[in-house]
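Visitor: let me see the structure of the following:
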Amino acid sequence: MERESIKAITERVRKEREQVILNGGTEATTIQPEPQTVKPFDGEASTIAPPISVKPPPVILTDGQDLAELIQQITSVKVSGQTKMLIRFDDKHMPVLNMLQPALKINVVQFVNFLVERFFETNPDIKTLMKNSLKNSLKEI
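Guide: Numbers count the residues shown, from 1 in each chain. Below is the predicted model of the structure:
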């Protein structure tokens, strides 16, 4: 009896999930493993292949944006500065941040710069508030 290796199964499942995501669906897909020979108590061998139902992760779209477009926008961010900053992330976010590069080819530096840029674009009043706060603190000195 020839069995499919774990690596081959993982690759096949990954391709099927990618295909479902590319087709825009979030429906569950059924994966048929290699048929297995089972010997019941009466001694006769029979072949069964139980289907395995796999539901792909949900695709979350932001403001009607296509997921591929969002990933393209993140990967197109050019980081021109040389300044480095040590920042701390919550433990609950680290597994996701660690998987950005291998799963989506998104550099964490690009991702953080994209989020900061989008934050300041959507909240321009914060820059004004920071400028006014600095002006007021300089007047006190």
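Visitor: in this structure, where is pLDDT below threshold?
Guide: In the predicted model, the chain carries pLDDT under 70 at residues 1-2, 20-65.
Visitor: could you rerun that using 80?
Guide: 1-4, 17-65, 139-141 (pLDDT under 80).
Visitor: the strands in it, which residues?
Guide: For the chain, applying DSSP state E gives strands covering 29-31, 36-38, 46-48, 52-54.
Visitor: what is the neighbour count of residue 17?
Guide: If you count neighbours by other CB atoms under 10 Å, residue 17 ends up with 16. Heads up, the C-betas are built off the backbone N, CA and C, glycines and all.
Visitor: how far away is it from residue 11?
Guide: 11 Å (CB to CB, to the nearest Å).
Visitor: and what of residue 95?
Guide: Counting by CB to CB, the gap from residue 95 to residue 11 is 22 Å.
Visitor: which one's more surrounded, those two?
Guide: Neighbour count, other CB under 10 Å: between residue 95 and residue 11, residue 11 has more, with 11 against 8.
Visitor: tell me how far the more buried one lies from residue 18.
Guide: 11 Å.
Visitor: anything in contact with each of these two?
Guide: Both residue 11 and residue 18 lack any common contact, where contact means CB atoms under 8 Å, 6 or more residues apart in numbering.
Visitor: what residues sit buried inside stretch 122-131?
Guide: Residues of stretch 122-131 include none that count as buried (16 or more other CB atoms under 10 Å).
Visitor: pull the CA atoms of stretch 108-115 into CSV?
Guide: Taking Å, rounded to 0.1, in the frame of the first residue of the first chain, the C-alpha atoms of stretch 108-115 are listed here in CSV:
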residue,chain,number,x,y,z
VAL,A,108,7.2,43.4,8.4
VAL,A,109,9.0,46.8,8.0
GLN,A,110,6.9,47.5,4.9
PHE,A,111,3.7,46.4,6.7
VAL,A,112,4.3,48.6,9.8
ASN,A,113,5.2,51.6,7.5
PHE,A,114,2.0,51.0,5.5
LEU,A,115,-0.1,51.0,8.6
